[in-house]
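In: here's my sequence, what's the structure:
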Amino acid sequence: MLLIGSLPIIVGFGGINPAGRSTNQHGYRRLVYGALSESAQQQTLASIAALTGKLKPSASGWANEHGHVVDPDSYLTAPSEELLGNTLIRELEGNLFDPDRIYHQSQANLSAADDRPLSFRIKTKNISSPVPSNWSVDKHDEKFSVVTIAGYLEVMRPEYRKSQINSAGQLPSGFIPAELSASRNHPRGLQLSVFAACDALNSVGIDWDTVRQRVAPDQISVYAGSGLGQLDYHGNGGLLQARQLGKNVSSKQIALGYAEMPADFINAYLLGNLGTTGTSVAACATFLYNLRWGIKDI
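Out: Model prediction:
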């Protein structure tokens, strides 16, 4: 007896990494750029240029970053080395943080230079509550008070250090995922997940509405996530450090910081499905575990 079951088939894929877009093998072509034919090299350069804003579609054809209509083949000849140099592993850029000035804090105990108590003026609303036992507070005016401290004042001093790591794999220079969707307050990982999902859907070659007419909503699942969750300021990073920076914690940081938020967001807001959503977290095999869940569902 021959048993025929459902066969998992990959019909589309998308996303982005330091080499560029995964779709149509653009990222892989960048890795083997030197072995490509001249026409394939031009296609790879055009993909990187479009991704990073060097080429943009217009009513009259392709335009450069200044809005001037250009011929892509001739235009890409001059900046080819720049485009290639803005991909893969390279010197750290300053688009997300300054690698030469990374903020941190160090602890210090302050006291007066002589034997007198330490005294300073501070906004009344910024006085610690409850007032420390070695503090004496006198109201100066409607906004400020004078604090006198017996002994030491423990403070956290802002400092900066230079990164010990000077190079890394980074997204192609000029690629800004936040400009491609309504991404206000979205962590960067979520922005990239939305881009990847849209890229993968478009790579199928069939309009998504056509797919939805043939497949029931509860038969579409989304598995995606990061093993560490969303760690920038709009996610768990902000949740953990906001108070240390003198800022307020936002309820959005809690929800958007979850490891499975990319899957939840894609399933609910991008696809509008009722199927299973979630993620399996692993140290180095998160993708493979999520792929296994997809195969199991099929």
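In: now tell me what touches the top helix by length along the chain from outside.
Out: Secondary structure of the chain per DSSP state H: the longest helix is helix 188-203. The contact list for helix 188-203, computed with C-beta atoms under 8 Å, 6 or more residues apart in numbering, reads 12-16, 21-24, 96, 177-178, 180-181, 183, 186, 208, 222, 224, 226, 230-232, 234-235, 256, 261-262, 265-266, 270-271. Any C-beta I mention is one placed from the backbone N, CA and C, and that applies to glycine too.
In: may I see the buried residues of that helix?
Out: By neighbour count on 16 or more other C-beta atoms under 10 Å, the buried set for helix 188-203 is 188-201, 203.
In: ok, stretch 148-164 next?
Out: So for stretch 148-164, counting by 16+ other C-beta under 10 Å, buried means 149, 153.
In: which residue ranges of the stretch 101-250 of the chain form strands?
Out: 102-110, 118-123, 135-139, 144-149, 153-161, 167-169, 222-223 (DSSP state E, counting those that start in this stretch).
In: measure the residue nearest the centre of the chain to Asn95 for me?
Out: Centroid-nearest residue in the chain: Arg188, 1.9 Å away (criterion: C-alpha atoms, centre = their mean). Arg188 is 11 Å from Asn95, where distance means C-beta to C-beta, to the nearest Å.
In: poorly predicted segments of the stretch 1-150 of the chain, please.
Out: Under the criterion pLDDT under 70, the flagged ranges of the stretch 1-150 of the chain are 1-5.
In: next one: the stretch 151-298 of the chain
Out: Using pLDDT under 70, the stretch 151-298 of the chain has no residue that qualifies.
In: related to what we said a few turns ago, show me which of the contacts of helix 188-203 are buried.
Out: For the contacts of helix 188-203, buried by 16+ other C-beta under 10 Å: 14-16, 21-23, 177, 183, 186, 222, 224, 226, 230-232, 234-235, 256, 261-262, 265-266, 270-271.
In: tell me which of the residues you listed fall in helices.
Out: Going by DSSP H, the helices hold 256, 261-262, 265 from these.
In: can you pick out the most distant pair from these?
Out: Farthest pair in these (C-beta to C-beta) is Leu256 and Pro262. Separation: 9.9 Å.
In: what sits against the nearest residue to Asn109 once chain neighbours are set aside?
Out: Counting by C-beta to C-beta, 6 or more residues apart in numbering, Asn109 lies nearest to Tyr152, which is 4.3 Å off, once chain neighbours are set aside. Going by C-beta under 8 Å, 6+ apart, Tyr152 touches 109-111, 118.
In: with Ser173 instead?
Out: Counted by C-beta under 8 Å, 6+ apart, Ser173 has contacts 52, 86-87, 93, 95.
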